[in-house]
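# model the following, please.
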Amino acid sequence: MSVDGRRIARRVSACMRIQVRVADLDPAPHATAVLIYDPADPLMVRLVLDEQEANPWHIGRDLLADGLATHAGFGDVRVWPLSTPDGDVLYVVLATPEDPDYWALLEFPAPEVRRFLNRAYRQVPRGTEANLIDLDWLVARLLTETP
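This next block holds a predicted model:
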């Protein structure tokens, strides 16, 4: 589909609500996490914690997938798998570069993350993401954003 000669991606999203444990607190409380995949932003997954829509985390879709098998990521987002007596989990560390004391360690049920990613990869297979990126829009957005 195109408008004014520009191709527009079909807006079909994968979305999953998951109960996660905030593993860096004792006792570890549960939180609600929502994973959102939008083919209009094909490389990223948005993570919204406890209905904080105004402050989503953006995590690479491939980073989450790689983290289901091994340690992945560095800096703001790191992920790794772990088998526990209660089942397989995916640990996700979220940090902010502005404040090294502000970080969270979240424990996701790995099977649910895997199901979410399978739906996202069915919509946009790995390696085809570049076909959906509107570079003109991306450059305009980068040039107009304020730090």
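
# quick check, Leu64 in contact with Val79.
Yes. With contacts counted by CB atoms under 8 Å, Leu64 reaches Val79, the gap being 6.3 Å. C-betas here are computed from N, CA, C, even on glycine.

# find residues that contact each of the two.
Leu90 (CB atoms under 8 Å, 6 or more residues apart in numbering).

# please pull out the lowest mean pLDDT helix or strand from the chain.
Using mean pLDDT, DSSP states H and E, strand 2-3 stands out as the lowest-scoring helix or strand of the chain, at a mean of 31.

# partner strands of the host helix or strand of Asp88, with direction?
For Asp88, the host element (DSSP states H and E) is strand 87-96. Sheet neighbours of strand 87-96, with direction, are listed as strand 77-84 (antiparallel), strand 99-109 (antiparallel) (DSSP bridges).

# now the helix or strand just after the last one, how far from the chain's geometric center?
Spelled out, it's strand 99-109. Downstream of strand 99-109, the first helix or strand assigned by DSSP H and E is helix 110-123. Relative to its chain's centre, helix 110-123 lies at 11 Å (CA atoms, centre = their mean, to the nearest Å).

# with just CA atoms, put helix 110-123 into CSV.
The C-alpha trace of helix 110-123 is given here as CSV (Å, rounded to 0.1, in the frame of the first residue of the first chain):
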residue,chain,number,x,y,z
ALA,A,110,10.5,-17.4,29.2
PRO,A,111,7.8,-19.4,27.5
GLU,A,112,5.5,-16.4,27.3
VAL,A,113,8.3,-14.2,25.9
ARG,A,114,9.0,-16.9,23.3
ARG,A,115,5.3,-17.0,22.3
PHE,A,116,5.2,-13.2,22.0
LEU,A,117,8.4,-13.2,19.8
ASN,A,118,7.0,-16.0,17.6
ARG,A,119,4.0,-13.8,16.9
ALA,A,120,6.2,-10.8,16.1
TYR,A,121,8.5,-12.8,13.8
ARG,A,122,5.5,-14.2,12.0
GLN,A,123,4.5,-10.6,11.2
